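> Attaching a predicted model along with its sequence, questions to come.
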Amino acid sequence: MTERLGIAGAGAIACGLAACAARHGEVLLWARSDSSAERAEETVHKVCGRLSGEVNAGHVKVSTDLGALGDGTTFLVEAIAEDVDLKSRLLGELSVVADEGAILATTTSSLSVQRLAEASGAPERFVALHVFNPVPKMKLVELAFPEQASEAVRGRARELCEHLGKVPVEVPDLPGFVVNRLLFPYLFSAVDFLEESGMAPKDVDTAMMLGAGHPMGPLALLDFIGLDVAEAIGDEIGTPVPDRVRTLVEDGALGKKAGRGLYDY
């Protein structure tokens, strides 16, 4: 792989992407604090250990120095929380430290790519790489570009995805792109149905898994995504968020990562 990745973030998406890229050489991952850096290192080692074939977790270097991301990296990926202000601020900082010619990317799943590109200050070399969690298993990457993106940038983004073993699909810069735009009305309708029917979450999920051939039921999937993330995506794409989801978020029951959500874990 000709690109050298720098990833700003320490969560599941950032660590999963770093582990995938570690097959091809050194990756630099930035974490905001020492504690976040320690957790990221642990996560990367776990993910690399689960990948088929030998993947050297030592290829992922974790730093708390944002400036280090500009040291020889050619593709800088912002992979933090789905918050337009936080992402915009970090992307602006990345454009300052990035080497000339380095591509800036975001992993947004629902926000305006054009707005984030302009916030970066370098819209001509900007791309949205919407990877899916768990990153090592999910093949699809939705690629979305601002109107200023050059053909060279578009080509490099597609090549990067292919080198990482992913299937890139170019999508329009619409809220939620393709997958989330079509998926979340279905997921939220399952919550509404749960309230209407009084069924147990497991029974609803079993019905959809066995009856529709889905690998995961809609309620378990919401918990896996995170109810706070789901709420933010629903608001961004204009899909009504069920009251039950909002109440759970207010109570801190964010899904699997919190130990409780639509299910108890």
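Great, that's in hand. These numbers come from a predicted model, not from an experiment. Numbering: from 1, shown residues only.
> okay, residue 54: pLDDT?
Residue 54 is assigned a predicted lDDT (pLDDT) of 69.
> Please apply the same query to residue 23.
pLDDT, residue 23: 89.
> got it, and residue 31?
The per-residue pLDDT reported for residue 31 equals 97.
> That one against residue 61, yeah?
No. Applying CB atoms under 8 Å as the test, residue 31 and residue 61 come out as separate, 11.1 Å apart. The way it works is simple: take the backbone N, C-alpha and C, and place the C-beta from them, glycine included.
> how about the lowest-mean-pLDDT helix or strand in the chain: buried residues?
Taking mean pLDDT, DSSP states H and E as the measure, the helices and strands of the chain show their lowest mean at helix 34-50, namely a mean of 92. Using 16 or more other CB atoms under 10 Å as the burial criterion, the residues of helix 34-50 that qualify are 36-37, 39-41, 43-44, 47-48.
> what's the answer for stretch 95-104, then?
Counting neighbours by 16+ other CB under 10 Å, one finds that the buried residues in stretch 95-104 are 95, 97-98, 102-104.
> Can I get those in CSV including secondary structure, distance to residue 174 and pLDDT?
Rendered in CSV, the data for those read as follows (DSSP: H, G, I helix; E, B strand; the rest coil; distance: CB to CB, whole Å; pLDDT from 0 to 100):
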residue, secondary structure, distance to residue 174, pLDDT
95, helix, 25, 95
97, helix, 30, 95
98, coil, 27, 94
102, coil, 27, 96
103, strand, 22, 97
104, strand, 21, 98
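> Quickly check those residues for the two that are furthest apart.
Using CB to CB, the two most remote members of these are 97 and 103, lying 13.7 Å apart.
> how close does residue 163 sit to residue 135?
When CB to CB, to the nearest Å is the yardstick, residue 163 and residue 135 sit 14 Å from each other.
> With residue 176 instead?
Distance, residue 176 to residue 135, by CB to CB: 19 Å.
> Then residue 36?
Applying CB to CB, the value for residue 36 to residue 135 is 18 Å.
> Now residue 29. Its backbone dihedrals?
According to degrees, to the nearest 10, the main-chain angles of residue 29 amount to phi -120, psi 130.
> Run through the residues that contact it.
When contacts are counted by CB atoms under 8 Å, 6 or more residues apart in numbering, residue 29 touches 6-7, 9-10, 14-15, 18, 40, 44, 60-63.
> Repeat the analysis, applying 7 Å as the threshold.
Contacts of residue 29 were listed using CB atoms under 7 Å, 6 or more residues apart in numbering, and they are 7, 10, 14, 18, 40, 60, 62.
> How about residue 116?
Applying CB under 7 Å, 6+ apart to residue 116 gives the contacts 87-88, 91, 106, 108.
> surely residue 104 meets residue 118?
No. Between residue 104 and residue 118 there is no contact under CB atoms under 7 Å: 11.5 Å.
> element containing the residue nearest to residue 43 when sequence neighbours are not counted?
What sits nearest to residue 43 in space, not counting adjacent residues and going by CB to CB, 6 or more residues apart in numbering, is residue 15, at 4.2 Å. Taking DSSP states H and E as the criterion, residue 15 maps to helix 12-21.
> Just the CA coordinates for that helix, please, in PDB.
Listed in PDB are the C-alpha atoms of helix 12-21, where the atom choice follows Å, rounded to 0.1, in the frame of the first residue of the first chain:
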ATOM      1  CA  ALA A  12     -13.900   1.300  17.900                       C
ATOM      2  CA  ILE A  13     -13.900   2.700  14.400                       C
ATOM      3  CA  ALA A  14     -10.400   4.300  14.700                       C
ATOM      4  CA  CYS A  15      -8.900   1.100  16.300                       C
ATOM      5  CA  GLY A  16     -10.600  -1.200  13.800                       C
ATOM      6  CA  LEU A  17      -9.300   0.900  10.900                       C
ATOM      7  CA  ALA A  18      -5.800   1.000  12.300                       C
ATOM      8  CA  ALA A  19      -5.800  -2.800  12.700                       C
ATOM      9  CA  CYS A  20      -6.900  -3.300   9.100                       C
ATOM     10  CA  ALA A  21      -4.200  -1.000   7.800                       C
END
